[in-house]
Structures are given as C-alpha cells and as structure tokens.
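Participant: Output the structure for:
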Amino acid sequence: MKKIILPVLLLVNLVFIVGYLIDTGFPFGTLQLVWPICFVAGIILSITFMYRYKSESNANVFLSLAVLLSSFSSLGVWGFYYYLAHIMGG
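Facilitator: Next up is the predicted model:
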C-alpha cells in the first residue's frame, strides 16, 4: 500500500496539470474542492516519505521530490486561477 500512494498522487497532479493546460475551465468543474485537498495531502505525504526513506533507495526520494514539486506547482496554479476566476470576476 505504501508503494502505491506516491505514484497515485503524482498521477492526480499530472491529470490536473494536463487538464489545466488543455482547458482552463477544468479545475473548477465538479472537483473544485477535491483538488486542493489532494495537493496538500501530496505535500504532506511526500515530505513524510522523504524523511522516512532518506537512508533507503534513491527511487523513493526522487518520486517524493516529483510529488512534492508537482503538488506545489499545482497548488500554485489552482490558487492563481481561483484568484483570477473568483476575486477578479473572470
């Protein structure tokens, strides 16, 4: 179970990024409140896995870094789009 969590979170982040690049209305569809929860969970779990696996194989560390970076960037994109769509009236 532990080995599948990070790849699933990376896949969720990549689906969001690809969906955002294809259609900018996608992030605020039916899953508008699910995305930030997934991104924050990805950040917390990747930091936890990086801390726990720092003495183990590099593959886990690289996967944790990939999830951490994609979660931060996805959360930033989501926040920026939320600001543009709701605050600025777009």
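
Participant: Quick one: residues in contact with the helix or strand containing Leu11.
Facilitator: In this assignment (DSSP states H and E), Leu11 forms part of helix 2-22. Contact with helix 2-22 is made by 26-27, 35, 38-39, 41-42, 45-46, 49, 60, 63-64, 66-67, 70-71, 73-74, 77-78, 81, as judged by Cβ atoms under 8 Å, 6 or more residues apart in numbering. C-beta: built from backbone N, CA, C; applies to glycine.

Participant: Restricting to C-alpha, output the helix or strand that comes right after it in CSV.
Facilitator: Next along the chain after helix 2-22, taking DSSP H and E as the criterion, comes helix 34-52. Below are the C-alpha coordinates for helix 34-52, written out as CSV (Å, rounded to 0.1, in the frame of the first residue of the first chain):
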residue,chain,number,x,y,z
VAL,A,34,-11.1,17.9,-4.2
TRP,A,35,-8.0,19.3,-6.0
PRO,A,36,-6.5,21.4,-3.1
ILE,A,37,-7.1,18.5,-0.7
CYS,A,38,-5.1,16.2,-3.0
PHE,A,39,-2.3,18.8,-3.4
VAL,A,40,-1.9,19.4,0.4
ALA,A,41,-2.0,15.6,1.0
GLY,A,42,0.6,15.1,-1.6
ILE,A,43,2.9,17.7,0.0
ILE,A,44,2.5,16.2,3.5
LEU,A,45,2.9,12.6,2.3
SER,A,46,5.9,13.4,0.1
ILE,A,47,7.7,15.2,2.9
THR,A,48,6.9,12.3,5.3
PHE,A,49,8.2,9.7,2.8
MET,A,50,11.3,11.7,2.1
TYR,A,51,12.1,12.0,5.8
ARG,A,52,11.3,8.3,6.4
